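Colleague: just to be clear, the model below is a prediction. Sequence and coordinates:
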Amino acid sequence: MRKASIIGKKLSLGYTKGKVQREILHELSFELFSGEMTCLLGPNGVGKSTLVKAILGQLKPFEGEVLLNEKPISTYSNEDLAKQLSVVLTEPFLPANMTVGQLVAMGRIPHTGWTGKLEDRDRVAVQQALSATKIEYLQEDRISEISDGQRQKALIARALAQDGKVMVLDEPTAHLDLVNRYEIMHLLQEIAKTQGKSILVVTHDLEIALETADRFWLLNCGTPLISGLPEDLVISGEINQLLPGKKFHFSVEKGRIESKVQDLKFEISGPEDLAGWISKALEKAGINGLAGAIEVSREPFLIKYAGREFSKVEEFILAL
Ligand SMILES: Nc1ncnc2c1ncn2[C@@H]1O[C@H](COP(=O)(O)OP(=O)(O)OP(=O)(O)O)[C@@H](O)[C@H]1O
């Protein structure tokens, strides 16, 4: 039986300026389950951070309520909230001289108070967090002297040391390279599974989220929040809510976003995956159509066109 740590009930959210209320999100309902990493996706400005603020109890809803472990979030004291919810923000201020170990120990503040005096159980929690994020070896290093990916892991470790059931991360992979982006998202999914946490990640990284997330929340203007397994949303086509324009769609076969008209412009015979890459390169080169068919083979890779053969897409494009 799945357990929801956070439940949103008909939430209407927005901001008040003077006496004017500006509603951003209308009557959203959702459940954030334990043991899962949920990715929240949606276009810029749709209200993802606004929703996160409400989930963290930082923004009072115009209507509806957020329940944390079945109790309205508004009834929790700040101290109790800090024991239940941990947050990793995009660009937090970090004192450069602090070591990774000290940073992670800060996660224990809700348990130790501001004196920061660690008891044995706090030290155990810090070590467990360093070990879960695989950064024990960085414990004595200064945070100004480690890489962006390592710093991100240290921030995740701090949130883990806090030991709440719910972890919320706002774009934790922004500024990271591809390998680090995969690594961080895999790590978060593993933590959700093994430690039974509810992890909510706000991200624009659709392809990595597809690989790693247990669940997607899709947010779009004026529509209810869509929650489901990423695979179900791909199969049903609901994933295209993220690409509302006419230009792009999500290719179910290729598992990535592509231009809708791309494959129609060229007549390419041969393996479909290779044809897709050739078509993409031609389009990028500004070639909108060709008279005659292109033939492509895999081993050896050869493009045949108008009686000539090319072993690289670049040579082919130069010859056109
Ligand atoms: N403190 C605020 N006061 C008033 N309006 C705000 C405030 N914060 C955000 N907004 C407005 O709420 C809307 C949603 O913003 P929000 O930051 O939640 O979007 P987002 O989906 O997180 O965007 P992005 O993907 O660009 O981070 C925007 O129109 C924004 O201008």
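Modeller: Good, I have the coordinates.
Colleague: use CA for all of it now, contacts and neighbours both
Modeller: OK.
Colleague: list the contacts of residue 239.
Modeller: Shown in contact with residue 239 (C-alpha atoms under 8 Å, 6 or more residues apart in numbering): 218, 230, 233, 250.
Colleague: 7 Å instead, please
Modeller: Applying C-alpha atoms under 7 Å, 6 or more residues apart in numbering, we find residue 239 in contact with residue 233.
Colleague: ditto for the one 10 residues further on
Modeller: Residue 249 sits next to 240, 243, 257, 258, 259, 260 when contact means C-alpha under 7 Å, 6+ apart.
Colleague: check which residues of the helix or strand of the chain with the lowest mean pLDDT are buried.
Modeller: Across the helices and strands of the chain, the lowest-confidence element by mean pLDDT, DSSP states H and E is strand 256-259, at a mean of 74. By 16 or more other C-alpha atoms under 10 Å, the buried positions in strand 256-259 come out as residue 258.
Colleague: need the residues that contact the following helix or strand past it.
Modeller: Where DSSP states H and E defines the elements, the next helix or strand beyond strand 256-259 is strand 268-269. Here strand 268-269 makes contact (C-alpha under 7 Å, 6+ apart) with 275, 293, 294, 295, 296.
Colleague: so what's residue 97 closest to, chain neighbours aside?
Modeller: Counting by C-alpha to C-alpha, 6 or more residues apart in numbering, residue 142 is the residue found nearest to residue 97 once chain neighbours are left out, at 5.8 Å.
Colleague: same question for residue 108.
Modeller: Among residues not flanking residue 108 along the chain, residue 162 sits closest, at 5.2 Å (C-alpha to C-alpha, 6+ apart).
Colleague: now this protein, which segments are flagged as low pLDDT?
Modeller: Residue ranges of the chain with pLDDT under 70: 90-92, 113-114, 116, 246, 260-264.
Colleague: domain assignment for it?
Modeller: What automatic domain parsing lists as the domains of the chain is 4-246, 262-319.
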